[in-house]
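Trainee: no sequence for this one, just the structure:
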């Protein structure tokens, strides 16, 4: 078999690219003996890995170019966006099995669920207060209910119809997409929707090294709206005060505000918080392997790769319950975490304390959590699921 992954956006093509998303899935196929390459537009850079193909963007929209690649399948990371529909059409036109990755929670249109879509627009419009938040919400909601329904959704439907498989990253996202696809293309289109999560590196696994009473937090803390470092600091401050034994590791470049917060903690609390900054992938795997709980204060996540890595490492997960955290409902479903119904400091604190108590009382099993989620999320397992879909197509065609 020869299967490529492709993203029509020019990203860097070094080791970081091949540690997640389309690059990591390419590695997953390779681990199964499949001839696989990743494809991106742009000029080749010195740091690009050897198995990355760079090409002119117009080639991605060329049936002849894709046919010349002589591949059995392509996994396209284009988010179902209308602007990339010509690339999807070219791949399908070349007779190649096409998997369309949908990196979101599924509420991409009011047609996927009007109430949930409006809730998500409120969240995505920012964390401001009063009139500014309302104005931001009304602006994006109005755009979605006019141009979105009249222009974006029909063009998105054109894009999705080119896919043999519409791959959603969580069961809840798939539920939303089935509703959308049924409206746009009936049962035929809706039946193509399936769950294919983002891949996780196989280095993230629990090997029995022992779990500390420790909470791990990983984020791009410069993004205050999405990652909510302010909420993180408030919750951790309270947790340290109420639990004298817990430790907290915070990975990711801290903001100045976070540095000042850490410096201002009382000595006993400050010593239990490791504000460790950026970490290598191996270091991160080590932190997760010895932590009991992964905590995400995020307002929204399309998937939550850090949480997926934590589950594979035998951690349980804590976050707020939200329409914009769709994957997390799945993540806690295997006796592997707690979601807070109350998206406040107290709500998140109570969820963290409940999860730590579950570990203390024997209600969590690191080996079972790691085994269950590694089987679902490791790159070779995700690649294997796609490989079976392609082979099933071929077997059906032969029959």
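Mentor: Arrived safely. Quantities reported herein were computed from a predicted structural model and do not represent experimental measurements.

Trainee: Skip the chain neighbours and tell me the closest residue to the residue most central in space within the chain.
Mentor: By Cα atoms, centre = their mean, the chain has its centre lying nearest to residue 303, at 2.5 Å. In space, residue 303 comes closest to residue 169 once its chain neighbours are excluded; the distance is 4.5 Å by Cβ to Cβ, 6 or more residues apart in numbering. Heads up, the C-betas are built off the backbone N, CA and C, glycines and all.

Trainee: isn't the one you found right up against residue 100?
Mentor: No: shown here, residue 169 and residue 100 do not form a contact pair, counting by Cβ atoms under 8 Å, at 11.9 Å.

Trainee: Can you tell me the element the residue nearest to residue 118 when sequence neighbours are not counted falls in?
Mentor: Excluding the flanking residues, the one nearest residue 118 by Cβ to Cβ, 6+ apart is residue 141, at 6.5 Å. Assigned by DSSP states H and E, residue 141 belongs to helix 130-143.

Trainee: Also residue 249?
Mentor: Going by DSSP H and E, residue 249 is part of strand 247-251.

Trainee: per-residue confidence for the residue nearest to residue 118?
Mentor: Looking at residue 141, its pLDDT reads 92.

Trainee: and it, how many neighbours?
Mentor: Here the number of neighbours of residue 141 (other Cβ atoms under 10 Å) works out to 18.

Trainee: That one and residue 302, how far apart?
Mentor: Remark: distance between residue 141 and residue 302 (Cβ to Cβ, to the nearest Å) = 20 Å.

Trainee: and if you look at residue 213?
Mentor: Distance from residue 213 to residue 302, by Cβ to Cβ: 31 Å.

Trainee: Residue 240 too?
Mentor: For residue 240 relative to residue 302 (Cβ to Cβ), the value is 31 Å.

Trainee: Just give the number of residues close to residue 218.
Mentor: 23.

Trainee: and residue 359, how many residues sit next to it?
Mentor: Neighbours of residue 359 under the rule other Cβ under 10 Å: 17.

Trainee: quick one: it and residue 315 touch, right?
Mentor: No: Residue 359 is beyond contact range of residue 315, at 9.8 Å (criterion: Cβ under 8 Å).

Trainee: any low-confidence regions in the stretch 101-250 of the chain?
Mentor: 127-129 (pLDDT under 70).

Trainee: re earlier: out of residue 213 and residue 302, which sits in the busier spot?
Mentor: Taking other Cβ under 10 Å, residue 213 and residue 302 do not tie; residue 302 has more neighbours (19 against 14).

Trainee: That one sits in which helix or strand?
Mentor: Under DSSP H and E, no helix or strand contains residue 302.

Trainee: Quick check: phi and psi on it?
Mentor: phi -70, psi -30 (degrees, to the nearest 10).

Trainee: just checking, it touches residue 169?
Mentor: Yes: because the distance of 7.1 Å satisfies Cβ under 8 Å, residue 302 is recorded as touching residue 169.

Trainee: shared neighbours of those two, anything?
Mentor: 103, 104, 327 (Cβ atoms under 8 Å, 6 or more residues apart in numbering).

Trainee: and the last one, backbone torsions?
Mentor: Comment: the main-chain dihedrals of residue 327 come out as phi -70, psi -30, following degrees, to the nearest 10.

Trainee: To what extent is the nearest residue to it once chain neighbours are set aside buried, counted in neighbours?
Mentor: Once flanking residues are discounted, residue 327 sits nearest to residue 170: 4.0 Å by Cβ to Cβ, 6+ apart. Per other Cβ under 10 Å, the neighbour tally for residue 170 reads 26.

Trainee: and if you look at residue 354?
Mentor: Residues lying near residue 354 (other Cβ under 10 Å) number 13.

Trainee: Residue 63 versus that one, what's the distance?
Mentor: When distance is defined by Cβ to Cβ, residue 354 is 55 Å away from residue 63.

Trainee: Next: residue 329.
Mentor: As defined by Cβ to Cβ, residue 329 lies at a distance of 40 Å from residue 63.

Trainee: ok, those two, which is more surrounded?
Mentor: Neighbour count, other Cβ under 10 Å: between residue 329 and residue 63, residue 329 has more, with 18 against 15.

Trainee: any idea which helix or strand carries residue 76?
Mentor: Assigned by DSSP H and E, residue 76 belongs to strand 73-77.

Trainee: Sheet partners, orientation included, of that strand?
Mentor: strand 3-6 (parallel), strand 97-102 (parallel) (DSSP bridges).

Trainee: what about those, which gets the closest to residue 181?
Mentor: Evaluated over the strands paired with strand 73-77, closeness to residue 181 peaks at strand 97-102, with 10.5 Å, by Cβ to Cβ.

Trainee: circling back: need the strands paired with strand 73-77 in TSV (columns: distance to residue 148).
Mentor: Listed next are the strands paired with strand 73-77 as TSV, based on distance: least, Cβ to Cβ, whole Å:
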stretch	distance to residue 148
strand 3-6	26
strand 97-102	16
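
Trainee: Among those strands, show me which one is buried the most.
Mentor: Ranked by mean neighbour count, those are led by strand 3-6 with a mean of 26 (mean count of other Cβ atoms under 10 Å).

Trainee: Let's test this: mean pLDDT of the next helix or strand after that one, rounded?
Mentor: The helix or strand immediately downstream of strand 3-6 is helix 21-31, counting by DSSP H and E. Averaging pLDDT along helix 21-31 gives 97.

Trainee: just checking, what packs against helix 21-31?
Mentor: strand 3-6, strand 38-41, strand 73-77, helix 379-398 (3 or more Cβ pairs under 8 Å, 6 or more residues apart in numbering; DSSP states H and E).
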